[in-house]
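[1] Have a look at this fold, sequence not included:
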């Protein structure tokens, strides 16, 4: 009760300071010019669109049987008309989109630096810190004011660690633990990475941490780097973590492996889109400045590879072989058409 | 008297009846019978219990080997050893021979019992029901290689004849199948069990029928089936559910290759009728294409584990419009498949003890322990052992002492 009253008072008096301090897309960009803030780029509509396209919606993968301890039921059968079937499909599409909602990529949070006030009169009033938490119903966690009275007499905003702990204590979220789970420790994490359990790690990290938590950042970075090194991009494709991974790779200008994998699996359009995304985020690079004259996807990728890629030879060779394969395929398709009695000219005339 | 004395002196009477017991007059079999049998009246009174058995008294005796150990070439040794001719000769006496023989004769021979392993013995150890008896014999070039036969029922059946009176035979009911859709069942009777089994399984091999299955793991749809007064409600189940049904139906499912099913038998539990009803039900199932054509609607599957993504199983050539679907039509798949019937799902009544006051007391007492398991696991994960707020103050007081085995292991190492 007491804490409630005090915190209410405090909230009123310091509300402005708090709102300045805790904003999701951190406002202190100017204070740290060396690190760019990824949030405005990530939340950009065009870039979101790109990331969604690159994720590729594969229903078999999105709606696969998951190892989540869910009790199985016998399948349900229904008689549906065309319209009802279409409706059911649309509902499934909507659910799939929900499954694929990307966790946000934002800048790391900063600790509040300045104390709220210093009362020398309260020095050594007790041997422990006092934490005051606003537990009003209906507030968002970011808006909740949590302050700490030090034994020295200073009153300050709680550090992020303290905040997380207090919020989890008073308003627990299911599946979130008070302490950082052991699986995120180095040895266990390595084991998980070697077993290719990327999605499990990322899902658990999403549950456990806030997106601007330095721990979350470090863990996701480690997983993405491991995937990039091992080229296991297909494990994450069609999951909610593919977009942030692509964003991370583009952000750190490390897209060669991904590009190679995309060309290898005949995703030329995706590869071109990836390069366009790269240009959007890094508009001052060579390939972005020197605009490509060709409109063809393959030439567009060639242009980028020539100017910037670190694995020029490899990717160029792959592209060449892809081109040849494509040409051969066209010849075969033409042959099939002729065998069926439709020559390409006829088709053109018909068109 | 005088005469006999004289005769004995002369050596004319060799076996005096006085000095010889009656044993030598009986044959061995007769003697054994005297020891090992009782009269019928005695048997009825229980005197046959614990009778001695006939024993081989010459056990361990081999021709050519005796008390005096002799070398007989051609009998117990080869005639030539290398190029030398072996001569008949006496060998040193083996002092342990007598002992060994006595030991061998004393040891009681173990009676051989055909003991089957728990997995092979069928439903119970006493009867043959549920036991597997191998594939039917091949006939006219048709082989039944990957088939297996299950005995479902074995019983003695009797009838009266004019000249023999009560005549009994063994009746055997079997099901055979290859676990991949083909199965058949048959009944055969014979005076001997073995012959009945053989006839039954061969007959079952000749009466195979194909049973369509859904994704080769369960039935196509729920169904109700009846034969006589035996009613069976069969439910299609998801993968990994298993066979939850009567043991005879389970054997049939194994023969057919059905892995997941729930079946409830109601009414008469005559085993032969159960099997007949089950097979009739299986054969009367409708295919999905047939159902879709009947309804002129898409048949769509929704799996909850796959996010209820609609998967079209069968489509008719022409689909009806929503206006053409009448309001009184049965659209529920299960109900349609059961022919418009609805199964009465009885609610299970709560157990009798839940109403007792002692049960409530128990619940109150147990409430304290409701999160123990969870807390225990969390503490183990966090501290590696059970931990409390007092552990820091009194580290020597362990909440959970180490098990003794691990300590022993440590000392051994």
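    Received it, and whenever you're ready, just let me know what you need. A quick note: this is a predicted structure, and the numbers were derived from the prediction, not measured.
[2] Run through the strands of chain B in chain order.
    B:70-71, B:80-81, B:84-85, B:89-90, B:148-161, B:165-177, B:182-190, B:209-210, B:223-227, B:230-236, B:243-244, B:261-267, B:298-302, B:311-314 (DSSP state E).
[3] Now render the ones you listed as JSON lines, adding distance to chain A, mean neighbour count and mean pLDDT.
    (Glycine included, C-beta is placed from N, CA and C.) Output for these, formatted as JSON lines (distance: least, CB to the nearest CB, whole Å; neighbours: other CB atoms under 10 Å in any protein chain shown; pLDDT from 0 to 100):
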{"stretch": "strand B:70-71", "distance to chain A": "74", "mean neighbour count": "14", "mean pLDDT": "87"}
{"stretch": "strand B:80-81", "distance to chain A": "70", "mean neighbour count": "10", "mean pLDDT": "88"}
{"stretch": "strand B:84-85", "distance to chain A": "75", "mean neighbour count": "8", "mean pLDDT": "87"}
{"stretch": "strand B:89-90", "distance to chain A": "78", "mean neighbour count": "10", "mean pLDDT": "88"}
{"stretch": "strand B:148-161", "distance to chain A": "26", "mean neighbour count": "16", "mean pLDDT": "96"}
{"stretch": "strand B:165-177", "distance to chain A": "24", "mean neighbour count": "20", "mean pLDDT": "95"}
{"stretch": "strand B:182-190", "distance to chain A": "23", "mean neighbour count": "20", "mean pLDDT": "97"}
{"stretch": "strand B:209-210", "distance to chain A": "23", "mean neighbour count": "12", "mean pLDDT": "96"}
{"stretch": "strand B:223-227", "distance to chain A": "13", "mean neighbour count": "19", "mean pLDDT": "96"}
{"stretch": "strand B:230-236", "distance to chain A": "6", "mean neighbour count": "21", "mean pLDDT": "96"}
{"stretch": "strand B:243-244", "distance to chain A": "12", "mean neighbour count": "17", "mean pLDDT": "97"}
{"stretch": "strand B:261-267", "distance to chain A": "9", "mean neighbour count": "18", "mean pLDDT": "96"}
{"stretch": "strand B:298-302", "distance to chain A": "4", "mean neighbour count": "20", "mean pLDDT": "95"}
{"stretch": "strand B:311-314", "distance to chain A": "7", "mean neighbour count": "16", "mean pLDDT": "94"}
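[4] what residue ranges in the chain score low on pLDDT?
    No chain in the question, so chain A it is. By pLDDT under 70, the weakly predicted segments of chain A are A:1-34, A:343-351.
[5] was after chain B, sorry
    In chain B, residues with pLDDT under 70: B:1-23, B:109-113, B:399-413.
[6] One more pass at 50, please.
    Chain B contains residues with pLDDT under 50 at B:1-2, B:4-13, B:407, B:410-413.
[7] need the residues of it near chain A, please.
    B:221, B:235-241, B:292, B:295, B:297-310, B:312-313, B:319-322, B:325, B:331, B:333-334, B:336, B:381-382 (CB under 8 Å from any CB of the partner chain).
[8] Drop anything exposed from those residues.
    Buried members of these, scored by 16 or more other CB atoms under 10 Å in any protein chain shown, are B:221, B:235-238, B:241, B:292, B:295, B:297-303, B:305-310, B:313, B:319, B:333-334, B:336.
[9] about what we covered before: any idea which of the strands of chain B gets closest to residue B:275?
    If you check each of the strands of chain B against residue B:275 by CB to CB, strand B:182-190 wins as the nearest, at 5.6 Å.
[10] Could you figure out how far that closest one is turned away from strand B:148-161?
    Going by axes from the mean of the first three to the mean of the last three CA atoms, to 10 degrees, strand B:182-190 is angled at 30 degrees with respect to strand B:148-161.
[11] So which residues make contact with strand B:182-190?
    B:147, B:152, B:157, B:169-177, B:196-197, B:199-201, B:203-211, B:252, B:255-256, B:272, B:275, B:279 (CB atoms under 8 Å, 6 or more residues apart in numbering or on different chains).
[12] orientation of that strand relative to strand B:165-177 in degrees?
    170 degrees.
[13] Strand B:182-190 pairs with which strands?
    Strand B:182-190 pairs in its sheet with strand B:165-177 (antiparallel), strand B:209-210 (antiparallel), by DSSP bridges.
[14] can I assume residue A:42 is in contact with residue A:247?
    Yes: under the criterion of CB atoms under 8 Å, residue A:42 makes contact with residue A:247 at 5.9 Å.
[15] Show me what from the stretch 1-150 of chain A comes close to chain B.
    A:59, A:62-66, A:70, A:72-85, A:88-89, A:92, A:95-96, A:99.
[16] If any of those residues are buried, put those into a ChimeraX selection.
    Buried members of the residues of the stretch 1-150 of chain A next to chain B, defined by 16+ other CB under 10 Å, are picked up in ChimeraX with:
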select /A:59,62,63,74,75,77,78,79,80,81,84,85,88,92,96
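[17] which residues does the nearest residue to residue A:184 once chain neighbours are set aside contact?
    Spatially, and ignoring its direct neighbours in sequence, residue A:184 is nearest to residue A:219 (5.8 Å; CB to CB, 6 or more residues apart in numbering or on different chains). By CB under 8 Å, 6+ apart, the residues touching residue A:219 are A:184, A:189, A:201, A:205, A:209.
[18] Could you list the buried residues of whichever strand or helix holds residue A:219?
    According to DSSP states H and E, residue A:219 maps onto helix A:214-230. Within helix A:214-230, the residues that qualify as buried are A:215-217, A:219-220, A:222-228, counting by 16+ other CB under 10 Å.
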